[in-house]
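Q: Output the structure for:
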Amino acid sequence: MTITTTSSAVPQAKKQRKPWIDNLRGLAMILILLGHTEIYYRGEIVNYNIYAVDCLIIFFFLSGYLMYRETEFNLKNKVKSVLRYIVLPYFIFTIALALPKSIVYGASLDIKETARDIIMGNGSWFVAALALSELIFSTVLYLSKKNITCLWATAIIAFPLSIYMSYSPMPLFWQVDNALQALLFITIGYSCHKYEAILDKYNKPLTIILLFAILLLLKWLEYIYGAKMIVWRIDINNYPLFLADTIVCAIMMTMIFKRLPDFPLLNWTGRHTLVYYFFCGGVPLLTSKLLMRIGMPYNGNYLFILAAFALVYPITSALVWVVYRYLPFTVGKWKSRV
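A: Reported below is the predicted structural model:
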């Protein structure tokens, strides 16, 4: 949940923030929360390909966008930033939530197995993949002296490697397969920022309409051909459609949100997506269990999903607010900033 420093889910310094980025991240996070609410309350209703995969990829895309700087790149500072704002929260939250998660899922807590999963990066696949992909990209960025050709060469080599690794029967160390896959989208985001002045010339309503029409066509083709586009664990059976869909959607949404005004609710959500991501499974699950216990199971009307989400979103937001207000050290900050 993109999770800067320069990360897609870690806040930048206030003076550097671009509202459209936080708005877009906020929308992506809300849709992920909605998807999890649907899954835990009823099971998948809206096909995963419709929006879930695009939301996840947008975070990696924005992470790359935020990595671009015209000034000299400082690898040491970036590594410190990733460790402080992504890796530290990963360990704090995965450890702290281990027992509550086992209770909610009705399973016994195996301390040894849980510790192994957390150390291996299985406690939160997205956060682990984001951290590793940013570290790999940053290293290449530094060693190549920000050479765009080297960045693209690395991404193009890494992508088929991620496909090969995805056949592993077990999750890999720190989700290296997803991290290598993410390098391509980080590179695209980085390139879009580097050449932003050129790309912005094409940010017109007609361009957006054209991209939307292409995206609808791609979604239709995915339905016709039964495309699987599951990002974790990687289960993709049509990579041309996967790449076309996610890239077109990321660029289209960037163009749209650059043209929109700031939305305070989306903006606030977008500035706190990392902690939202840690809660985006447990809160929907607990809410769904509560609704079913009081005699409100899903009855085939999607309004029930929306009603459940109307509880999930404010509850999750309240928990996120508490974390940033009273426990800022858990997200690498020493002062409360909400």
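Q: Which positions in the helix or strand Pro89 falls within come out as buried?
A: If you go by DSSP states H and E, Pro89 is part of helix 88-96. Neighbour counts using 16 or more other CB atoms under 10 Å place 89-90, 92-94 of helix 88-96 among the buried residues. For the C-beta atoms, the positions are set from N, CA and C on the backbone; glycine is no exception.
Q: Pipe the residues you listed into a markdown table and attach distance to Val283 per row.
A: Converted to a markdown table, the buried residues of helix 88-96 look like this (distance: CB to CB, whole Å):
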| residue | distance to Val283 |
| --- | --- |
| Pro89 | 17 |
| Tyr90 | 18 |
| Ile92 | 18 |
| Phe93 | 13 |
| Thr94 | 16 |
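Q: How much space separates the residue nearest to Phe309 when sequence neighbours are not counted from Thr273?
A: In this structure, Phe309 finds its nearest non-sequential neighbour in Thr37, 4.6 Å apart by CB to CB, 6 or more residues apart in numbering. Here the criterion is CB to CB, to the nearest Å. By it, Thr37 lies 17 Å from Thr273.
Q: want to throw the buried residues of helix 88-96 into TSV with pLDDT and distance to Lys289?
A: Listed next are the buried residues of helix 88-96 as TSV, based on pLDDT from 0 to 100; distance: CB to CB, whole Å:
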residue	pLDDT	distance to Lys289
Pro89	96	26
Tyr90	96	26
Ile92	95	25
Phe93	94	21
Thr94	93	22
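Q: with those in mind, which one is nearest to Ala131?
A: Tyr90 (6.8 Å; CB to CB).
Q: how close does that closest one sit to Ser336?
A: From Tyr90 to Ser336 the distance is 21 Å (CB to CB).
Q: likewise Tyr190?
A: Distance of Tyr190 to Ser336, computed by CB to CB: 32 Å.
Q: More neighbours: which of the two?
A: A side-by-side neighbour count of Tyr190 and Ser336, using other CB atoms under 10 Å, places Tyr190 first with 26 against 11.
Q: roughly how far out does the helix or strand of the chain with the lowest mean pLDDT sit from the chain middle?
A: Counting by mean pLDDT, DSSP states H and E, the chain has its least confident helix or strand at helix 98-104, which shows a mean of 80. On the basis of CA atoms, centre = their mean, to the nearest Å, helix 98-104 sits 23 Å off its chain's mean C-alpha point.
Q: Now do the buried residues in it.
A: Using 16+ other CB under 10 Å as the burial criterion, the residues of helix 98-104 that qualify are 98, 101.
Q: any idea how far Lys112 is from the most far-flung residue of the chain relative to its centre?
A: No residue in the chain sits farther from the centre than Gly295, which is 33.5 Å out by CA atoms, centre = their mean. Applying CB to CB, the value for Gly295 to Lys112 is 40 Å.
Q: coming back round to it: tell me the one among the buried residues of helix 88-96 nearest to Pro160.
A: Closest approach between the buried residues of helix 88-96 and Pro160, by CB to CB: Tyr90, at 27.4 Å.
Q: which residues does that closest one contact?
A: Counting by CB atoms under 8 Å, 6 or more residues apart in numbering, Tyr90 makes contact with 123-124, 127-128, 131.
Q: cool, Val53 as well?
A: 229-231, 242, 245-246.
Q: Strands - which of the residues you listed land there?
A: Among the contacts of Val53, the members falling in strands (DSSP state E) are 229-230.
Q: Kindly reformat the contacts of Val53 as a markdown table containing neighbour count.
A: Output for the contacts of Val53, formatted as a markdown table (neighbours: other CB atoms under 10 Å):
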| residue | neighbour count |
| --- | --- |
| Met229 | 23 |
| Ile230 | 14 |
| Val231 | 23 |
| Phe242 | 22 |
| Asp245 | 24 |
| Thr246 | 24 |
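Q: Turn the contacts of Val53 into CSV, including distance to Ala153 and pLDDT.
A: Shown next, in CSV, are these (distance: CB to CB, whole Å; pLDDT from 0 to 100):
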residue, distance to Ala153, pLDDT
Met229, 25, 89
Ile230, 27, 87
Val231, 23, 85
Phe242, 21, 95
Asp245, 24, 96
Thr246, 20, 96
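Q: helix/strand/coil for Val46?
A: Following DSSP: H, G, I helix; E, B strand; the rest coil, the label given to Val46 is coil.
Q: Tell me where the stretch 101-250 of the chain has strands.
A: Along the stretch 101-250 of the chain, counting by DSSP state E, counting those that start in this stretch, strands occupy 229-230, 235-236.
Q: will you turn these into JSON lines that also has distance to Leu216?
A: Converted to JSON lines, those look like this (distance: least, CB to CB, whole Å):
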{"stretch": "strand 229-230", "distance to Leu216": "16"}
{"stretch": "strand 235-236", "distance to Leu216": "20"}
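Q: so which of these comes closest to Leu290?
A: The nearest among the strands of the stretch 101-250 of the chain, by CB to CB, is strand 229-230 at 28.3 Å.
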